[in-house]
Each structure stands twice: as C-alpha cells, then as structure tokens.
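> Predicted coordinates and the sequence they were generated for:
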Amino acid sequence: MDLRTAVLLVVDVQNGFVNEDTEHVVPAIQDLAARWNQAGGTTIYSRYFNYPGSPFERLMNWRQLYNPPDTDIAPELALDAQRSTVIDKETYSAFTDDLVSLVGRRGWTDIVVCGIDTDLCVLTTVFDVFGSGITPWVVTDCSASTGGLAVHDAALLVMGRGVGEERLVTADELLTGISYGSVEPTEM
C-alpha cells in the first residue's frame, strides 16, 4: 500500500464514546496517527452527531451525542483533528458523500479504518468502503467497542469474513513497511 493512495480514517473517537471499554485505544490511535502523518500519510477524522427524531432516538431510544463536549474529538486527538479533515455524520458509516467525493478527488485506493465502535460505525464503514470497490484495512488494536471486548472480537470476526482476514492488521503490522511514502503490511 502506497501512502500517496491511502488514507487513515479515524472513526468517532469522541468524548461520548470513550469509556472503560474503549479508552485504551485512544493513545494507540494517537500514536498511529502521529506515525502515519510523520511518514507522509493523510488522516481524516469522522464525528457523529445525533439529532431529534433520528433513527437512534425513534428505534432504539438512544439519546446521546447531540452536542459538545460529548461530540468533541477526544482531547488526545483534538489537535491532530484540527489539522486534518473532519467528516461529520448522522449515521453509522463514515463513508459519507463528503468522504466519497474527497476519495475521488484525491485518488485514494485504500482506506485504513480504526476507531469506535468496532461493531457499528467501524464495521459499517468498512463494508461501505469494500462495496465501493476501494480496499479497506482495519487496524484491530486501534479499534474498540463500547459494548466490550466480546463485541469487538465478534465484529473483527465478521469483518475478516466479509472483507478478508488479511485486511485486519495491527498498527505495528501496518506501519512496519513505511519508508519513503509506502506501506507494505507484513504477511499474516
């Protein structure tokens, strides 16, 4: 994978999604983004906003993440997010029309996905990326679920089956081959 045709997408690492089951990935994502950017890669952040009458309210009675500080990117990532593109969304997938347009303009062929929740927003994004013909990668140790480890592991199992187990990598596996603008993940 060449960093010139790949982008790192950090999904919904927001205050309202950081809890005891997800907080461990925030410093891991911070490190990944710093190393990715230092190697010359581009990072994009997604940010979820709930709204009155949303499907989350109507169908699930879930009434969170309407406003700051819950909707703010986690403080450890806020500075990098300010220097990056932030895609706002109101549903699970971060593969929004805005991101699709940006991918087309930049010619990205690979999207490296990490973030919160592995079983919802990360999974939906990965399948949408795959369905568009772009190659998705999932950084397993930089993703977590507010539902806990069992839910995270189940999502990884489903994504491996759906997009190929070889596309599920750790941050170290992803970054091992970075040199002069390219990434070559290690053999799995």
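Looks like it came in fine. Residues are numbered from 1 along each chain as shown.

> Now for Pro27, how many residues are close by?
Look at Pro27: counted by other Cβ atoms under 10 Å, it has 13 neighbours. All C-beta atoms are positioned from the backbone trio N, CA, C, and that covers glycine.

> tell me which element Leu174 falls in.
In the assignment (DSSP states H and E), Leu174 maps to helix 171-175.

> The nearest residue to Val103 once chain neighbours are set aside: what's it in contact with?
The shortest distance from Val103 to any residue that is not its chain neighbour, by Cβ to Cβ, 6 or more residues apart in numbering, is 6.6 Å, and that residue is Ile134. Going by Cβ atoms under 8 Å, 6 or more residues apart in numbering, Ile134 touches Val103, Trp108, Thr109, Asp110, Ile111.

> Show me where this structure has its strands.
If you assign secondary structure with DSSP state E, the strands in the chain sit at 6-11, 42-48, 85-89, 110-116, 135-144, 168-169.

> how about those strands in CSV, adding distance to Ala154 and mean pLDDT?
Compiled in CSV, the strands of the chain are given as follows (distance: least, Cβ to Cβ, whole Å; pLDDT from 0 to 100):
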stretch, distance to Ala154, mean pLDDT
strand 6-11, 17, 97
strand 42-48, 21, 98
strand 85-89, 23, 98
strand 110-116, 15, 97
strand 135-144, 13, 98
strand 168-169, 13, 96
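
> Let me have these in CSV, extended by mean neighbour count and distance to Leu77.
Shown next, in CSV, are those (neighbours: other Cβ atoms under 10 Å; distance: least, Cβ to Cβ, whole Å):
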stretch, mean neighbour count, distance to Leu77
strand 6-11, 28, 7
strand 42-48, 22, 7
strand 85-89, 16, 11
strand 110-116, 26, 10
strand 135-144, 25, 11
strand 168-169, 21, 20
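
> Indicate which one of those strands is closest to Pro27.
Nearest to Pro27 among the strands of the chain is strand 135-144; the distance by Cβ to Cβ comes to 9.8 Å.

> And for the closest one, what's in contact with it?
Residues contacting strand 135-144 (Cβ under 8 Å, 6+ apart): 1, 21-22, 24-25, 28-29, 32, 109-118, 122, 125-127, 129-130, 152, 156, 159, 163, 167-171, 174, 185.

> Of these, select the buried ones using a PyMOL command.
Selecting the buried subset of the contacts of strand 135-144 in PyMOL, with 16 or more other Cβ atoms under 10 Å as the burial test, is done by:
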select buried, resi 1+21+22+25+28+29+32+110+111+112+113+114+115+116+117+118+122+125+126+127+129+130+152+156+159+163+167+168+169+170+171+174+185
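
> how about the contacts of Ile134, which pair is most distant?
Val103 and Asp110 (10.0 Å).

> Give the intersection of the neighbour lists for the two.
With Cβ under 8 Å, 6+ apart, Val103 and Asp110 have common neighbours Val7, Ile134.

> what is the residue lying closest to Trp108 once chain neighbours are set aside paired to in the beta sheet?
Leaving out its chain neighbours, the residue that sits closest to Trp108 by Cβ to Cβ, 6+ apart is Val7, at 4.9 Å. When bridges are assigned using DSSP bridges, the partners listed for Val7 are Thr42, Ile111.
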